[in-house]
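Enquirer: return a 3D structure for these sequence lines:
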Amino acid sequence: MKKNRISITAVLAAACLFFGCTESRVEAAETEAEDITEAETEEQAVSEVPVVYFTSDISAEGLVKIYDALGWTPEGKVAVKISTGEPPASNYLRPELIGDLVKKVDGTIVECNTAYGGSRSSSAMHKQVAEDHGFTAIADFDLMDEEGDVEWPMTGGTRLDKVIVGSHAENYSDWVILSHFKGHAMAGFGGAIKNVGIGISSPSGKVYVHTAGTKTSGSIWYNDQDAWLEALAEMVSGFSSHVGKDHIIYINVMNRLSVDCDCDGHPAEPDIHDIGILASRDPVALDQACVDLVYQAEGNASLVKRMESLHGIHTLEHAEEIGLGSRSYELVTIDD
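Expert: Take a look at the predicted model:
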(Lines give C-alpha, C1' and ligand atoms only; values in the text may rest on other atoms or scores of the structure.)
Protein backbone atom coordinates (compact mmCIF):
# COMPACT_ATOMS: atom_id res chain seq x y z
CA MET A 1 0.00 0.00 0.00
CA LYS A 2 2.93 2.37 0.56
CA LYS A 3 3.94 2.00 -3.08
CA ASN A 4 0.39 2.85 -4.17
CA ARG A 5 0.32 5.89 -1.93
CA ILE A 6 3.47 7.29 -3.54
CA SER A 7 2.16 6.81 -7.08
CA ILE A 8 -1.28 8.29 -6.35
CA THR A 9 0.25 11.34 -4.65
CA ALA A 10 2.69 11.90 -7.49
CA VAL A 11 -0.02 11.69 -10.17
CA LEU A 12 -2.36 14.10 -8.41
CA ALA A 13 0.40 16.54 -7.57
CA ALA A 14 1.73 16.48 -11.13
CA ALA A 15 -1.75 17.11 -12.49
CA CYS A 16 -2.16 20.13 -10.26
CA LEU A 17 1.18 21.56 -11.30
CA PHE A 18 0.40 20.97 -14.98
CA PHE A 19 -2.93 22.78 -14.76
CA GLY A 20 -1.56 25.60 -12.65
CA CYS A 21 -2.63 24.57 -9.17
CA THR A 22 -1.23 26.47 -6.24
CA GLU A 23 1.01 24.84 -3.60
CA SER A 24 -2.01 24.53 -1.29
CA ARG A 25 -3.86 22.59 -4.02
CA VAL A 26 -0.88 20.25 -4.32
CA GLU A 27 -1.01 19.68 -0.57
CA ALA A 28 -4.75 19.03 -0.82
CA ALA A 29 -4.10 16.49 -3.57
CA GLU A 30 -1.59 14.73 -1.34
CA THR A 31 -4.11 14.70 1.51
CA GLU A 32 -6.76 13.24 -0.79
CA ALA A 33 -4.35 10.51 -1.84
CA GLU A 34 -3.59 9.75 1.81
CA ASP A 35 -7.31 9.48 2.56
CA ILE A 36 -7.78 7.07 -0.35
CA THR A 37 -4.88 4.96 0.87
CA GLU A 38 -6.20 4.84 4.43
CA ALA A 39 -9.58 3.66 3.15
CA GLU A 40 -7.88 1.00 1.03
CA THR A 41 -5.81 -0.09 4.00
CA GLU A 42 -8.89 -0.40 6.20
CA GLU A 43 -10.66 -2.41 3.49
CA GLN A 44 -7.64 -4.68 3.13
CA ALA A 45 -7.45 -5.19 6.90
CA VAL A 46 -11.09 -6.27 7.00
CA SER A 47 -10.56 -8.71 4.16
CA GLU A 48 -7.50 -10.25 5.84
CA VAL A 49 -9.02 -11.14 9.22
CA PRO A 50 -8.56 -14.85 9.89
CA VAL A 51 -11.44 -17.22 9.35
CA VAL A 52 -12.70 -19.41 12.19
CA TYR A 53 -14.94 -22.24 11.04
CA PHE A 54 -17.78 -23.47 13.25
CA THR A 55 -20.04 -26.50 13.42
CA SER A 56 -22.54 -27.44 16.09
CA ASP A 57 -22.06 -31.10 15.15
CA ILE A 58 -19.85 -32.51 17.92
CA SER A 59 -19.21 -35.90 16.37
CA ALA A 60 -16.48 -37.78 14.54
CA GLU A 61 -18.11 -36.72 11.28
CA GLY A 62 -18.33 -33.09 12.34
CA LEU A 63 -14.68 -33.10 13.34
CA VAL A 64 -13.57 -34.42 9.95
CA LYS A 65 -15.84 -31.96 8.16
CA ILE A 66 -14.40 -28.95 9.95
CA TYR A 67 -10.89 -30.19 9.28
CA ASP A 68 -11.74 -30.40 5.58
CA ALA A 69 -13.02 -26.81 5.67
CA LEU A 70 -9.52 -25.59 6.51
CA GLY A 71 -8.21 -26.82 3.15
CA TRP A 72 -4.93 -27.88 4.72
CA THR A 73 -2.70 -30.66 3.39
CA PRO A 74 0.21 -31.88 5.53
CA GLU A 75 3.54 -32.29 3.80
CA GLY A 76 5.24 -34.79 6.11
CA LYS A 77 4.90 -36.64 9.38
CA VAL A 78 1.88 -35.42 11.34
CA ALA A 79 1.67 -34.94 15.10
CA VAL A 80 -1.80 -34.71 16.64
CA LYS A 81 -1.44 -32.94 19.97
CA ILE A 82 -4.15 -33.80 22.48
CA SER A 83 -4.43 -34.04 26.23
CA THR A 84 -4.56 -37.64 27.40
CA GLY A 85 -6.52 -36.50 30.47
CA GLU A 86 -5.81 -37.03 34.14
CA PRO A 87 -7.53 -40.09 35.66
CA PRO A 88 -10.01 -41.01 36.87
CA ALA A 89 -12.74 -38.74 35.46
CA SER A 90 -11.43 -35.83 33.40
CA ASN A 91 -13.15 -34.50 30.29
CA TYR A 92 -10.48 -35.34 27.71
CA LEU A 93 -11.57 -35.75 24.09
CA ARG A 94 -12.66 -39.36 23.66
CA PRO A 95 -11.00 -41.64 21.08
CA GLU A 96 -14.35 -42.35 19.41
CA LEU A 97 -14.66 -38.62 18.71
CA ILE A 98 -11.16 -37.99 17.36
CA GLY A 99 -10.25 -41.36 15.85
CA ASP A 100 -11.48 -40.73 12.31
CA LEU A 101 -9.60 -37.44 12.07
CA VAL A 102 -6.37 -38.92 13.45
CA LYS A 103 -6.56 -41.71 10.88
CA LYS A 104 -7.41 -39.29 8.06
CA VAL A 105 -4.17 -37.35 8.59
CA ASP A 106 -2.21 -40.55 9.36
CA GLY A 107 -1.24 -38.87 12.61
CA THR A 108 0.73 -39.87 15.66
CA ILE A 109 -0.86 -38.80 18.94
CA VAL A 110 1.71 -36.83 20.93
CA GLU A 111 1.96 -35.63 24.51
CA CYS A 112 4.53 -34.64 27.15
CA ASN A 113 4.74 -35.60 30.80
CA THR A 114 3.40 -33.28 33.48
CA ALA A 115 5.39 -31.15 35.90
CA TYR A 116 3.00 -31.35 38.84
CA GLY A 117 2.82 -35.03 39.73
CA GLY A 118 -0.26 -37.11 39.12
CA SER A 119 -0.66 -40.17 36.93
CA ARG A 120 1.12 -38.67 33.91
CA SER A 121 4.34 -37.41 35.47
CA SER A 122 6.45 -40.38 34.36
CA SER A 123 6.62 -42.04 30.97
CA ALA A 124 5.59 -45.49 32.19
CA MET A 125 2.50 -44.19 33.99
CA HIS A 126 1.61 -41.82 31.18
CA LYS A 127 1.74 -44.58 28.59
CA GLN A 128 -0.59 -46.62 30.74
CA VAL A 129 -3.03 -43.72 30.94
CA ALA A 130 -2.94 -43.35 27.15
CA GLU A 131 -3.74 -47.03 26.80
CA ASP A 132 -6.43 -46.99 29.47
CA HIS A 133 -8.10 -44.00 27.81
CA GLY A 134 -8.14 -45.74 24.45
CA PHE A 135 -5.68 -43.62 22.49
CA THR A 136 -3.19 -46.37 21.67
CA ALA A 137 -6.01 -48.28 19.99
CA ILE A 138 -6.53 -45.59 17.33
CA ALA A 139 -2.97 -44.47 16.55
CA ASP A 140 0.68 -44.61 17.50
CA PHE A 141 1.36 -42.73 20.73
CA ASP A 142 4.54 -40.72 21.35
CA LEU A 143 5.67 -39.16 24.61
CA MET A 144 7.84 -36.48 23.10
CA ASP A 145 9.95 -35.89 26.23
CA GLU A 146 10.64 -39.56 26.93
CA GLU A 147 14.21 -39.07 25.75
CA GLY A 148 14.67 -35.55 27.07
CA ASP A 149 14.02 -32.13 25.60
CA VAL A 150 15.42 -29.57 23.18
CA GLU A 151 15.43 -25.79 23.09
CA TRP A 152 14.08 -23.71 20.24
CA PRO A 153 14.61 -19.93 20.04
CA MET A 154 11.96 -17.41 20.95
CA THR A 155 12.31 -13.80 19.79
CA GLY A 156 10.11 -10.75 20.03
CA GLY A 157 8.74 -11.40 23.51
CA THR A 158 9.31 -9.94 26.94
CA ARG A 159 9.33 -13.08 29.11
CA LEU A 160 11.00 -15.91 27.20
CA ASP A 161 14.06 -16.21 24.98
CA LYS A 162 13.52 -19.89 24.18
CA VAL A 163 10.97 -22.67 24.31
CA ILE A 164 11.77 -26.08 25.80
CA VAL A 165 9.94 -28.93 24.11
CA GLY A 166 10.06 -32.70 24.14
CA SER A 167 12.93 -33.81 21.89
CA HIS A 168 10.67 -35.95 19.71
CA ALA A 169 8.94 -32.76 18.55
CA GLU A 170 11.70 -32.48 15.99
CA ASN A 171 10.45 -35.67 14.32
CA TYR A 172 7.28 -33.99 13.03
CA SER A 173 6.86 -31.49 10.21
CA ASP A 174 3.11 -30.89 10.51
CA TRP A 175 0.87 -30.42 13.53
CA VAL A 176 -2.83 -30.74 14.32
CA ILE A 177 -3.46 -29.00 17.63
CA LEU A 178 -6.64 -30.73 18.79
CA SER A 179 -7.84 -29.13 21.99
CA HIS A 180 -10.72 -29.43 24.41
CA PHE A 181 -11.80 -25.89 25.28
CA LYS A 182 -12.72 -25.52 28.98
CA GLY A 183 -11.78 -23.62 32.11
CA HIS A 184 -8.37 -23.81 33.73
CA ALA A 185 -7.31 -23.32 37.34
CA MET A 186 -4.27 -21.20 36.44
CA ALA A 187 -4.88 -19.74 32.97
CA GLY A 188 -8.62 -19.06 33.31
CA PHE A 189 -9.35 -21.10 30.22
CA GLY A 190 -7.55 -23.70 28.18
CA GLY A 191 -7.76 -23.92 24.41
CA ALA A 192 -5.32 -24.04 21.52
CA ILE A 193 -2.72 -21.76 23.09
CA LYS A 194 -2.65 -23.66 26.38
CA ASN A 195 -2.50 -27.01 24.56
CA VAL A 196 0.68 -25.88 22.80
CA GLY A 197 2.22 -23.62 25.42
CA ILE A 198 2.04 -26.18 28.22
CA GLY A 199 1.25 -29.40 26.39
CA ILE A 200 4.21 -29.42 24.00
CA SER A 201 6.62 -28.16 26.66
CA SER A 202 8.65 -30.79 28.46
CA PRO A 203 8.36 -30.80 32.28
CA SER A 204 11.25 -28.34 32.57
CA GLY A 205 9.68 -26.30 29.79
CA LYS A 206 6.39 -26.28 31.65
CA VAL A 207 8.11 -24.83 34.71
CA TYR A 208 9.87 -22.31 32.49
CA VAL A 209 6.56 -21.09 31.04
CA HIS A 210 4.63 -21.16 34.32
CA THR A 211 7.33 -19.07 36.02
CA ALA A 212 7.60 -16.60 33.13
CA GLY A 213 11.10 -17.66 32.19
CA THR A 214 12.64 -17.44 35.66
CA LYS A 215 13.47 -21.13 36.26
CA THR A 216 13.27 -24.60 34.76
CA SER A 217 12.80 -26.73 37.86
CA GLY A 218 10.74 -26.69 41.03
CA SER A 219 7.19 -25.51 41.58
CA ILE A 220 5.02 -24.33 38.68
CA TRP A 221 3.24 -21.81 40.91
CA TYR A 222 4.21 -18.20 40.29
CA ASN A 223 3.08 -14.96 41.87
CA ASP A 224 2.80 -12.78 38.76
CA GLN A 225 -0.35 -13.84 36.92
CA ASP A 226 -0.01 -11.59 33.89
CA ALA A 227 3.66 -12.48 33.46
CA TRP A 228 2.98 -16.20 33.20
CA LEU A 229 0.08 -15.65 30.82
CA GLU A 230 2.41 -13.61 28.63
CA ALA A 231 4.98 -16.42 28.74
CA LEU A 232 2.26 -18.85 27.69
CA ALA A 233 1.59 -16.82 24.55
CA GLU A 234 5.29 -16.42 23.86
CA MET A 235 5.93 -20.14 24.00
CA VAL A 236 3.35 -20.67 21.26
CA SER A 237 4.94 -17.90 19.20
CA GLY A 238 8.32 -19.60 19.47
CA PHE A 239 6.81 -22.95 18.52
CA SER A 240 4.96 -21.46 15.54
CA SER A 241 8.05 -19.63 14.28
CA HIS A 242 10.17 -22.77 14.48
CA VAL A 243 7.67 -25.13 12.88
CA GLY A 244 6.24 -22.61 10.40
CA LYS A 245 2.69 -21.36 10.74
CA ASP A 246 1.60 -23.02 7.49
CA HIS A 247 2.44 -26.39 9.03
CA ILE A 248 0.03 -26.02 11.95
CA ILE A 249 -3.76 -26.07 12.23
CA TYR A 250 -5.84 -25.62 15.36
CA ILE A 251 -9.16 -27.24 16.30
CA ASN A 252 -11.09 -26.61 19.54
CA VAL A 253 -13.93 -28.82 20.73
CA MET A 254 -16.38 -26.99 23.00
CA ASN A 255 -18.05 -29.81 24.92
CA ARG A 256 -18.12 -30.71 28.61
CA LEU A 257 -17.31 -27.08 29.41
CA SER A 258 -16.25 -27.48 33.01
CA VAL A 259 -14.45 -24.71 34.86
CA ASP A 260 -11.68 -27.27 35.41
CA CYS A 261 -9.02 -28.47 32.99
CA ASP A 262 -8.48 -32.02 31.72
CA CYS A 263 -5.40 -32.05 33.98
CA ASP A 264 -7.91 -32.31 36.86
CA GLY A 265 -9.00 -35.88 37.50
CA HIS A 266 -12.08 -34.69 39.43
CA PRO A 267 -13.45 -31.73 37.46
CA ALA A 268 -16.59 -29.82 38.36
CA GLU A 269 -19.66 -30.73 36.35
CA PRO A 270 -20.34 -28.19 33.57
CA ASP A 271 -23.06 -25.60 34.08
CA ILE A 272 -23.03 -24.66 30.41
CA HIS A 273 -24.28 -26.69 27.46
CA ASP A 274 -22.07 -28.06 24.69
CA ILE A 275 -21.49 -25.51 21.92
CA GLY A 276 -19.66 -27.00 18.94
CA ILE A 277 -16.32 -27.44 17.19
CA LEU A 278 -14.23 -24.56 15.87
CA ALA A 279 -11.13 -24.57 13.66
CA SER A 280 -8.68 -22.04 12.30
CA ARG A 281 -5.11 -21.55 11.17
CA ASP A 282 -4.85 -18.71 13.70
CA PRO A 283 -4.73 -19.86 17.36
CA VAL A 284 -5.48 -16.41 18.74
CA ALA A 285 -8.58 -15.95 16.60
CA LEU A 286 -9.70 -19.47 17.47
CA ASP A 287 -9.41 -19.07 21.23
CA GLN A 288 -10.98 -15.60 21.06
CA ALA A 289 -13.96 -17.00 19.15
CA CYS A 290 -14.40 -19.68 21.81
CA VAL A 291 -14.26 -17.09 24.58
CA ASP A 292 -16.85 -14.99 22.77
CA LEU A 293 -19.17 -17.99 22.41
CA VAL A 294 -18.88 -18.70 26.12
CA TYR A 295 -19.98 -15.14 26.88
CA GLN A 296 -23.00 -15.59 24.61
CA ALA A 297 -24.07 -18.93 26.08
CA GLU A 298 -26.64 -19.63 28.75
CA GLY A 299 -25.41 -20.99 32.06
CA ASN A 300 -22.00 -19.43 31.58
CA ALA A 301 -21.64 -17.72 35.00
CA SER A 302 -19.16 -20.14 36.59
CA LEU A 303 -16.93 -20.40 33.53
CA VAL A 304 -16.94 -16.65 32.95
CA LYS A 305 -16.06 -16.10 36.60
CA ARG A 306 -13.14 -18.51 36.29
CA MET A 307 -11.83 -16.78 33.16
CA GLU A 308 -12.20 -13.26 34.54
CA SER A 309 -10.87 -13.99 38.02
CA LEU A 310 -7.60 -15.17 36.48
CA HIS A 311 -7.46 -12.46 33.78
CA GLY A 312 -7.41 -15.20 31.16
CA ILE A 313 -8.01 -12.82 28.26
CA HIS A 314 -4.55 -11.35 28.82
CA THR A 315 -3.03 -14.37 27.12
CA LEU A 316 -4.80 -13.38 23.91
CA GLU A 317 -4.03 -9.69 24.38
CA HIS A 318 -0.32 -10.42 24.61
CA ALA A 319 -0.45 -13.01 21.84
CA GLU A 320 -1.84 -10.37 19.49
CA GLU A 321 0.73 -7.81 20.63
CA ILE A 322 3.65 -10.09 19.74
CA GLY A 323 2.18 -11.02 16.37
CA LEU A 324 1.09 -14.60 17.06
CA GLY A 325 -2.36 -13.94 15.62
CA SER A 326 -5.42 -11.72 15.59
CA ARG A 327 -8.26 -11.34 18.08
CA SER A 328 -10.43 -10.18 15.18
CA TYR A 329 -11.90 -12.93 13.05
CA GLU A 330 -14.66 -13.96 10.69
CA LEU A 331 -16.84 -16.79 12.05
CA VAL A 332 -18.02 -19.05 9.24
CA THR A 333 -20.50 -21.83 9.96
CA ILE A 334 -20.23 -25.01 7.90
CA ASP A 335 -23.58 -26.38 9.05
CA ASP A 336 -26.19 -26.87 6.35
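Enquirer: going forward, measure contacts and count neighbours with C-alpha atoms only.
Expert: OK.
Enquirer: pLDDT weak spots in the protein?
Expert: Residues of the chain that meet the criterion pLDDT under 70 lie in 1-47.
Enquirer: H314 is in contact with A233, correct?
Expert: No. Between A233 and H314 no contact is recorded; they are 9.3 Å apart, counting by C-alpha atoms under 8 Å.
Enquirer: these two: which has the busier surroundings?
Expert: Between A233 and H314, counted using other C-alpha atoms under 10 Å, A233 has the larger neighbour count: 29 against 20.
Enquirer: from P95, how far out is the closest residue to that one other than its chain neighbours?
Expert: Closest residue to A233 apart from its sequence neighbours, by C-alpha to C-alpha, 6 or more residues apart in numbering: A319 at 5.1 Å. Separation of A319 from P95 (C-alpha to C-alpha, to the nearest Å): 31 Å.
Enquirer: ok, now Y222?
Expert: 34 Å.
Enquirer: hang on, T315 in a helix?
Expert: Yes. Per DSSP: H, G, I helix; E, B strand; the rest coil, T315 lies within a helix segment.
Enquirer: pretty sure it contacts E230?
Expert: Yes. Assessed by C-alpha under 8 Å, T315 is found in contact with E230 at 5.7 Å.
Enquirer: could you break this protein into its assigned domains?
Expert: By the assignment in automatic domain parsing, the chain contains the domains 2-46, 49-333.
Enquirer: is it fair to say V150 lies in a helix?
Expert: No. Judged by three-state DSSP, V150 forms no part of a helix; its state is strand.
Enquirer: tally of neighbours for the residue nearest to it when sequence neighbours are not counted?
Expert: Using C-alpha to C-alpha, 6+ apart and skipping residues adjacent in sequence, the residue nearest V150 is S167, 5.1 Å away. Residues lying near S167 (other C-alpha under 10 Å) number 20.
Enquirer: do you know how far S167 is from V236?
Expert: Noted for S167: a distance of 16 Å to V236, by C-alpha to C-alpha.
Enquirer: ok, E230 next?
Expert: Using C-alpha to C-alpha, one gets 10 Å for the distance from E230 to V236.
Enquirer: kindly report the same for G276.
Expert: Going from G276 to V236 by C-alpha to C-alpha gives 24 Å.
Enquirer: which residue sits closest to A285, ignoring its sequence neighbours?
Expert: Here the residue nearest A285, using C-alpha to C-alpha, 6+ apart, is R327, at 4.9 Å.
Enquirer: residues contacting the one you found?
Expert: V284, A285, Q288, L316, E317, E320 (C-alpha atoms under 8 Å, 6 or more residues apart in numbering).
Enquirer: so it: helix, strand or coil?
Expert: coil.
Enquirer: can you map out the strands along the stretch 101-250 of the chain?
Expert: Assigned by DSSP state E, counting those that start in this stretch, the strands in the stretch 101-250 of the chain fall at 108-111, 141-143, 149-153, 162-166, 174-180, 182-184, 188-190, 248-254.
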